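Peer 1: coordinates only, sequence not included:
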C-alpha cells in the first residue's frame, strides 16, 4: 500500500492555500499593517505577546521563541512572551477563576500600553483568546488575530485580523506559521539588521 496520493493531495492543498494568500491584495495589505505594528512595538522596546490553544498554542510558543532567541542570524533578544507557556499560571487561573480568563489574567499582570497581543484561533471564537483581546484593548495594547477564513468573534474585536484563506484547520495553521515566520524575519531585519 502506498500513501503517495494522500501526501501529494494534502501538500498540494497547503501550497494552493498559500498561493491564494499571496495573490489576495487585501490580505497582503492586512499583513503589511500587522508587520509594521510588530516592528514598531519591538523597535520601541515593548513586548509581543502570543496566545492560542492546542496546535495554535504550540504555534504561539514557536513564534515567541523566534523573537526571544534568533530567527535567521544571531542578534540581541527581542521581548516576547507566550501566555500559553506558564502551566502553573494557566492551571491556577483556570481553576480559581475560569479557563476563559487564562490569558487575560496573565496579560493584566504582564502587559503594558504599547505592547502587541497576537491571538491565534483557527475558528476565531476561542473564548480565552477573545477575553485576552478584550483585556488588551482595555490596556491600550494593540491586538492582532490570526484566524481562519470566517474570522469568528475575533474579527470584530481585534485591531488587525489576518484571516487565512481556508476553513480547514490544518491549512489555516500552516498559513499562520508561514506568515508568522515571515513577520519574524522582517522584524529581525528591521530592528537588528545583520552586521
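Peer 2: That came through, no problem. These numbers were taken from a predicted model, which means no experiment stands behind them.
Peer 1: distance between the helix ranked longest in the chain and the chain's centre?
Peer 2: For the chain, the longest helix by residue count, based on DSSP state H, is helix 169-191. Averaging C-alpha positions (CA atoms, centre = their mean, to the nearest Å) puts helix 169-191 8 Å from its chain's average.
Peer 1: by contact count, what packs against it?
Peer 2: When contacts are defined as 3 or more CB pairs under 8 Å, 6 or more residues apart in numbering; DSSP states H and E, helix 169-191 packs onto helix 4-22, helix 25-43, helix 55-68, strand 142-147. (Glycine included, C-beta is placed from N, CA and C.)
Peer 1: and with 6 Å instead?
Peer 2: helix 4-22, helix 25-43, helix 55-68 (3 or more CB pairs under 6 Å, 6 or more residues apart in numbering; DSSP states H and E).
Peer 1: right, and those - which one's nearest residue 151?
Peer 2: With CB to CB as the criterion, residue 151 lies closest to helix 25-43 of the helices and strands packed on helix 169-191, at 11.0 Å.
Peer 1: That closest one relative to helix 4-22, how many degrees between them?
Peer 2: Helix 25-43 and helix 4-22 are oriented at 80 degrees to each other (axes from the mean of the first three to the mean of the last three CA atoms, to 10 degrees).
Peer 1: who touches the nearest residue to residue 154 once chain neighbours are set aside in this structure?
Peer 2: Excluding the flanking residues, the one nearest residue 154 by CB to CB, 6 or more residues apart in numbering is residue 145, at 3.8 Å. With contact set as CB atoms under 6 Å, 6 or more residues apart in numbering, residue 145 has these partners: 119, 154, 158, 161.
Peer 1: And the residues you listed, which is closest to residue 129?
Peer 2: For the contacts of residue 145, the nearest to residue 129 is residue 119 (4.1 Å; CB to CB).
Peer 1: ok but the closest one is inside a strand, no?
Peer 2: Yes: residue state for residue 119 (DSSP: H, G, I helix; E, B strand; the rest coil) corresponds to a strand.
Peer 1: Is it correct that it is in contact with residue 129?
Peer 2: Yes: look at residue 119 against residue 129 with CB atoms under 6 Å: they come within range, at 4.1 Å.
Peer 1: Identify the contacts common to these two.
Peer 2: Contacts common to residue 119 and residue 129, judged by CB under 6 Å, 6+ apart, are residue 51.
Peer 1: Neighbour count: these two, which is higher?
Peer 2: residue 129 (36 against 31; other CB atoms under 10 Å).
Peer 1: The strand or helix carrying that one - contacts with which helices or strands?
Peer 2: Take DSSP states H and E as the rule and residue 129 turns out to sit in helix 127-138. With contacts taken as 3+ CB pairs under 6 Å, 6+ apart, helix 127-138 sits against helix 102-110, strand 116-120.
Peer 1: which one of the ones you listed is the most hemmed in?
Peer 2: strand 116-120 (a mean of 29; mean count of other CB atoms under 10 Å).
Peer 1: Adjacent strands (with direction) for it?
Peer 2: Next to strand 116-120 in the sheet, as set by DSSP bridges, lie strand 48-52 (parallel), strand 142-147 (parallel).
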